[in-house]
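A.B. asks: all I have is the shape, not the residue letters:
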């Protein structure tokens with residue numbers, strides 16, 4: 001009989017892992033392997049046996065059905081039909097899912113939109129009330145439009161993955177945001193703004209912000225933003241963003 005090697009992780013190489021990441025890793029290992037011992041899980045995620053036992057208990061509390069068999073050849077087994085019953089996604093993660101689906105729908109290239117909507121509705125339904133309120137506040141700042149065919153996309157770059165969590169903190173806390181920016185001509189500057197909205201003209205994403213130094217709204221292409229940092233202290237006030245009059249569909253939006 002041919003032996004199938006077990007799924008091997010490199011989690012032990014990671015020095016620091018959040019509790020949620022570690023528990024998710026344990027669930028993945030159990031899902032991909034028929035059986036895993038406490039010692040194997042301890043080695044794979046780089047924590048003590050006692051910590052693994054606590055994580056197993058937490059996963060069971062979340063709705064995962066995990067069996068335990070003693071003796072030679074025994075270990076822990078995850079029921080493949082079980083799943084967590086409580087949401088473990090952050091507001092930023094759910095928001096990222098929602099805006100990704102919305103952006104794809106606006107581009108008319110989402111073939112399974114009904115299934116995506118149903119899945120997202122289940123995620124939203126399972127969110128705690130405070131997270132749901134934060135998500136709605138985040139969504140209130142979102143505007144999705146259509147990109148003009150005249151837009152030049154030849155210089156489209158990658159968006160810094162640290163932007164979304166920084167935006168979440170800034171938007172929900174109404175905190176000023178500072179970042180480095182490079183405009184269409186390549187000129188670099190450091191900006192301090194009041195983030196008011198996110199504008200998606202797929203595949204271009206913009207931060208719409210009130211710039212106190214220029215006393216007006218400015219649109220910053222997100223693929224030109226780097227090193228975002230929330231400035232804790234005085235909060236700014238929400239402003240009405242005049243999308244109907246202020247959105248330019250194909251020219252560079254930042255002065």
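C.D. replies: Looks like it came in fine. Remember, it's a predicted structure, so these values are computed and weren't measured experimentally. Residues are numbered from 1 along each chain as shown.
A.B. asks: how about the strands in the chain?
C.D. replies: 66-69, 75-78, 142-144, 176-182, 188-201, 204-211, 216-221, 225-231 (DSSP state E).
A.B. asks: which one of those has the lowest average pLDDT?
C.D. replies: Ranked by mean pLDDT, the strands of the chain bottom out at strand 142-144, with a mean of 84.
A.B. asks: could you pull out the buried residues of that strand?
C.D. replies: If you call a residue buried by 16 or more other C-beta atoms under 10 Å, then strand 142-144 has these buried ones: residue 142. For glycine as for every other residue, the C-beta is placed from the backbone atoms N, C-alpha and C.
A.B. asks: mind listing the helices for the stretch 101-250 of the chain?
C.D. replies: Listed in chain order, the helices of the stretch 101-250 of the chain (DSSP state H, counting those that start in this stretch) span 113-126, 129-139, 163-173, 243-246.
A.B. asks: pick the most deeply packed of these.
C.D. replies: With neighbours taken as mean count of other C-beta atoms under 10 Å, the helices of the stretch 101-250 of the chain reach their highest mean count in helix 163-173, at a mean of 19.
A.B. asks: elements contacting that one?
C.D. replies: Contact partners of helix 163-173 among helices and strands, from 3 or more C-beta pairs under 8 Å, 6 or more residues apart in numbering; DSSP states H and E: helix 91-106, helix 129-139, strand 176-182, strand 188-201, strand 225-231.
A.B. asks: one more time with 7 Å
C.D. replies: Applying 3 or more C-beta pairs under 7 Å, 6 or more residues apart in numbering; DSSP states H and E, one finds that helix 163-173 contacts helix 91-106, helix 129-139, strand 188-201, strand 225-231.
A.B. asks: one step back: need the strands of the chain in CSV (columns: distance to residue 123).
C.D. replies: Shown next, in CSV, are those (distance: least, C-beta to C-beta, whole Å):
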stretch, distance to residue 123
strand 66-69, 23
strand 75-78, 21
strand 142-144, 17
strand 176-182, 27
strand 188-201, 20
strand 204-211, 22
strand 216-221, 29
strand 225-231, 26
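A.B. asks: any regions of the stretch 101-250 of the chain where pLDDT drops low?
C.D. replies: Across the stretch 101-250 of the chain, the ranges flagged by pLDDT under 70 are 104-113, 243-250.
A.B. asks: how about a cut-off of 50?
C.D. replies: 245-250 (pLDDT under 50).
A.B. asks: start and end of stretch 183-191, how far apart?
C.D. replies: One end of stretch 183-191 sits 12 Å from the other (C-alpha to C-alpha, to the nearest Å).
A.B. asks: before we move on, back to that, and the helices and strands packed on helix 163-173 as JSON lines, adding distance to residue 114?
C.D. replies: Formatted as JSON lines, the helices and strands packed on helix 163-173 follow (distance: least, C-beta to C-beta, whole Å):
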{"stretch": "helix 91-106", "distance to residue 114": "11"}
{"stretch": "helix 129-139", "distance to residue 114": "20"}
{"stretch": "strand 188-201", "distance to residue 114": "21"}
{"stretch": "strand 225-231", "distance to residue 114": "34"}
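A.B. asks: quick one: closest of these to residue 152.
C.D. replies: strand 188-201 (12.8 Å; C-beta to C-beta).
A.B. asks: the closest one pairs with which strands, and in what direction?
C.D. replies: Paired neighbours of strand 188-201 in the sheet (DSSP bridges): strand 142-144 (parallel), strand 176-182 (antiparallel), strand 204-211 (antiparallel).
A.B. asks: out of the helices and strands packed on helix 163-173, the one nearest residue 81 is which?
C.D. replies: Comparing these under C-beta to C-beta, the one sitting nearest is helix 91-106, at 23.8 Å.
A.B. asks: tell me the buried residues in that closest one?
C.D. replies: Using 16+ other C-beta under 10 Å as the test for burial, helix 91-106 gives 91-92, 94-99, 101-103, 106.
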